[in-house]
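1. Curious how this folds, go ahead:
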Amino acid sequence: MTDQANLTAMLDALDRGQDAALHRLTELLRIPSISTDPAHKGDVRAAAEWLRVELARLGFDASLRDTPGHPMVVAHSRPGGTRRILFYGHYDVQPVDPLDLWDHPPFEPHIRDNQIRARGASDDKGQLMTFIEAVRAWKHVHGDLPPGLTLLFEGEEESGSPSLVPFLTENADELRADIALICDTGLYADGRPAIATQLRGLVGQEVVIRAADRDLHSGSFGGLAANPLMILCRALSALKDDSGRITLPGFYDGVRDLTEQQRADWDSLNFDAGEFLSRVGLSQPIGEQGRTGLEMIWSQPTAEINGLSGGYTGDGFKTVLPAEARAKVSFRLVGDQDPQAIRQAFQDHIRRFVPADCSVSFIDHGASPASHMDTTHPAFATARSALTKEWGRETAFIGMGGSIPIAGDFKTILNMDSLLVGFARDDDRIHSPNEKYDLDSFHRGARSWARILAGLTTPE
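-> Alright, predicted model coming up:
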C-alpha cells in the first residue's frame with residue numbers, strides 16, 4: 001500500500017476500535033496510582049505493571065526499572081527507521097481530596113456528557129493512552145511496531161520527579177533520540193490544535209520567620225514585640241511595585257523580548273484576557289502594566305504567594321502575636337533566567353526585613369529553568385501539518401504558563417528537543433475533583449498521533 005493508504009487504514013482501525021480503546025483506558029484509570037501517598041505505593045507499581053504487560057502484548061521489549069521511588073516503564077521497538085523517537089508520559093496521578101466534592105468515586109471511571117470522568121483521565125493517563133492506541137493501529141496495518149521507538153513512562157511526575165534526572169543521566173545512551181514526544185499539554189482555549197514551543201520554569205521556596213519563644217498576648221506585647229506575620233507580609237508585599245513589576249535585583253536578567261513572528265502569531269490567537277478570567281469569576285488582569293494577556297501568562301516571569309500561615313486561624317478569635325509565620329512562594333521563569341540566582345535574590349530580599357532578634361529559614365521546593373524548542377526541527381512542521389489535517393483548523397505554536405521540567409531535562413541531559421502535543425481542554429479539572437477527558441480528545445488524539453507517526457516514521 002502507499003503511505004497514504006497505510007495512514008487511511010490506521011485511521012480506520014482507530015475508528016473501529018474506539019470501544020476497545022476506551023475499555024483499556026478504563027482499566028488503567030481504575031488503578032489509584034497516587035504517587036505522593038505512601039499508602040498507594042503498591043497501586044503505583046500496579047499501574048506500571050499494567051502498562052508493561054500491555055506494551056509487551058503489543059510487541060515491545062518492555063520492562064519495569066526500579067528507582068529509589070516509583071518504577072519507570074521503559075519499552076523499545078526494534079532498531080531502525082528514519083529517526084529515533086522517544087515518547088514520554090506519566091502514569092501517576094494527584095490525590096483526590098476533597099473526596100466529598102466528587103460527583104462519582106474518583107477511581108470508578110464513568111461516562112457522562114461524552115466525557116470519561118476519573119482521576120487521571122486527562123492528566124495523564126488519557127493522554128498517554130492516545131499514543132499507545134496510535135501505535136496499536138500502526139501495528140495492525142504494518143504488522144510490526146514503528147521502528148526506532150522508545151517509550152518512557154514515569155511514576156513520580158505528580159510528586160516532583162525526584163528519580164527522573166538520575167535515571168535519565170544513568171541511562172542517557174539508551175534513551176537519547178532525535179526528538180522527544182510529550183503528551184501532557186492541551187488544545188488551545190478555542191479548541192484548535194496546538195504545539196507548545198516554550199514553557200516557563202519554576203522556583204518554589206518556603207520561608208519561616210520565628211520571633212518570640214511562644215505566642216504572645218497582643219495586649220501585653222503588641223506594639224513592642226516583633227510580629228513575624230507582619231514582618232513576613234511586609235517583605236512579601238515588597239516583591240512587586242505599583243506597576244506589577246517584580247523588584248528583586250537582577251530578576252529580569254535573561255528575560256527575552258518576543259520576536260516579531262511570535263508577536264504576530266500570538267496576536268492572531270485573539271486572546272481575550274477578560275473573557276479568560278471570567279471563567280473563574282474575575283475580570284481584571286493584574287500583571288505588569290503594558291503587557292498583553294498572553295505575555296503575562298506565557299512570556300513574562302511571575303512571583304506568587306501560594307500559601308501564608310501563622311497565629312490563630314480557628315473559629316472565633318484569639319488575640320496573639322504568633323511565634324512563627326510561614327509562606328510558600330513560587331516564581332515562574334522565562335527566557336534564560338537562572339533559577340538559583342532567583343532563589344538567592346528572594347532569600348536576600350526576605351533577610352533585609354527580619355530584625356536581629358528574629359530568625360529566618362528557608363525550605364527549597366524545586367528549581368527548573370524555562371524551556372524553548374527549536375521549531376526549525378523538521379518534526380515541528382510534520383506535526384503541525386498532521387494536526388491541522390486531523391482537526392481541520394490551523395495548528396498554533398503557543399507558549400505555556402506552566403512548567404514541564406522533563407522538556408528541559410531532555411534538552412540538558414539528552415540534548416534533544418521536545419514536541420509537546422496534547423489534547424486536554426481548559427475545563428478538564430486536572431488536579432481538582434471531577435477530572436474528565438473528552439472522548440473526542442481521546443479518539444482524535446489517537447488519530448493525531450497516528451498521523452504524526454506516519455510523518456515521522458518510515459516502515460521498513
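
2. What's the local residue count around T2?
-> 7 (other C-beta atoms under 10 Å). The way it works is simple: take the backbone N, C-alpha and C, and place the C-beta from them, glycine included.

3. Could you state which residue of this structure sits nearest its centroid?
-> I404 (4.5 Å; C-alpha atoms, centre = their mean).

4. First residue to last residue on stretch 171-178, what's the distance there?
-> 16 Å (C-alpha to C-alpha, to the nearest Å).

5. List the buried residues in that stretch.
-> 171, 175-178 (16 or more other C-beta atoms under 10 Å).

6. The spatially closest residue to the residue nearest to the centre of the chain that is not a sequence neighbour: neighbouring residues, count only.
-> Using C-beta to C-beta, 6 or more residues apart in numbering and skipping residues adjacent in sequence, the residue nearest I404 is L199, 5.4 Å away. For L199, the count of nearby residues is 30 (other C-beta under 10 Å).

7. from what I can see L199 touches I406, true?
-> No: contact criterion C-beta atoms under 8 Å: L199 and I406 do not qualify, at 9.8 Å.

8. G311 touches L216, doesn't it?
-> No: counting by C-beta under 8 Å, G311 does not reach L216; the two are 10.3 Å apart.

9. list the residues that contact both of the two?
-> 320-321 (C-beta atoms under 8 Å, 6 or more residues apart in numbering).

10. Looking only at neighbour counts, state which of the two leads.
-> Shown here are G311 and L216; by other C-beta under 10 Å, L216 has more neighbours (20 against 17).

11. where's that one relative to A327, distance?
-> Noted for L216: a distance of 20 Å to A327, by C-beta to C-beta, to the nearest Å.

12. Likewise for G17?
-> In terms of C-beta to C-beta, G17 sits 51 Å off from A327.

13. More neighbours: which of these two?
-> A327 (21 against 18).

14. A helix includes the more buried one, no?
-> No: counting by DSSP: H, G, I helix; E, B strand; the rest coil, A327 is not part of a helix but strand.

15. in the sheet, who's paired with it?
-> Under the criterion DSSP bridges, A327 forms beta bridges with V207, L308.

16. Grab the nearest non-local neighbour of I297.
-> G401 (4.1 Å).

17. Do I have it right that that neighbour meets L294?
-> No: between G401 and L294 there is no contact under C-beta under 8 Å: 9.3 Å.

18. The two - which one has more neighbours?
-> Remark: of G401 and L294, L294 carries more neighbours, 22 against 15, as counted by other C-beta under 10 Å.

19. From S371, how far off is that one?
-> Counting by C-beta to C-beta, the gap from L294 to S371 is 17 Å.

20. Tell me where the stretch 251-400 of the chain has strands.
-> For the stretch 251-400 of the chain, strands defined by DSSP state E, counting those that start in this stretch occupy the ranges 302-310, 320-321, 324-333, 359-368, 371-372, 396-400.

21. Checking the closest residue to Q18 other than its chain neighbours next. Helix, strand or coil?
-> Of all residues not flanking Q18 in the chain, H443 sits nearest, at 5.7 Å (C-beta to C-beta, 6+ apart). Secondary structure assignment for H443 (three-state DSSP): helix.

22. quick one, what contacts H443?
-> Counting by C-beta under 8 Å, 6+ apart, H443 touches 14-15, 18, 21.

23. Filter those residues down to just the ones in helices.
-> 14-15, 18, 21 (DSSP state H).

24. Just the buried positions in stretch 69-86, please.
-> Buried residues in stretch 69-86 (16+ other C-beta under 10 Å): 69-77, 81, 84-86.

25. okay, among the residues you listed, which ones form the most distant pair?
-> G69 and G81 (32.1 Å; C-beta to C-beta).

26. mind giving me the domain split of this protein?
-> Domain assignment of the chain by automatic domain parsing yields the ranges 3-199+371-456, 201-255+301-368.

27. and among these, the most buried is which?
-> Highest mean neighbour count of the domains of the chain: domain 3-199+371-456, a mean of 19 (counted as mean count of other C-beta atoms under 10 Å).

28. List the neighbours of stretch 271-286 that are in contact with it.
-> 189, 244, 292-294, 296, 426.

29. Convert stretch 449-458 to PDB, retaining C-alpha atoms only.
-> The C-alpha trace of stretch 449-458 is given here as PDB (Å, rounded to 0.1, in the frame of the first residue of the first chain):
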ATOM      1  CA  TRP A 449      -0.600  10.600  16.800                       C
ATOM      2  CA  ALA A 450      -1.200   8.200  14.000                       C
ATOM      3  CA  ARG A 451      -0.800  11.000  11.500                       C
ATOM      4  CA  ILE A 452       2.300  12.300  13.300                       C
ATOM      5  CA  LEU A 453       3.900   8.800  13.400                       C
ATOM      6  CA  ALA A 454       3.200   8.400   9.700                       C
ATOM      7  CA  GLY A 455       5.100  11.600   9.000                       C
ATOM      8  CA  LEU A 456       8.000  10.900  11.400                       C
ATOM      9  CA  THR A 457       8.500   7.200  10.800                       C
ATOM     10  CA  THR A 458       9.000   5.200   7.700                       C
END
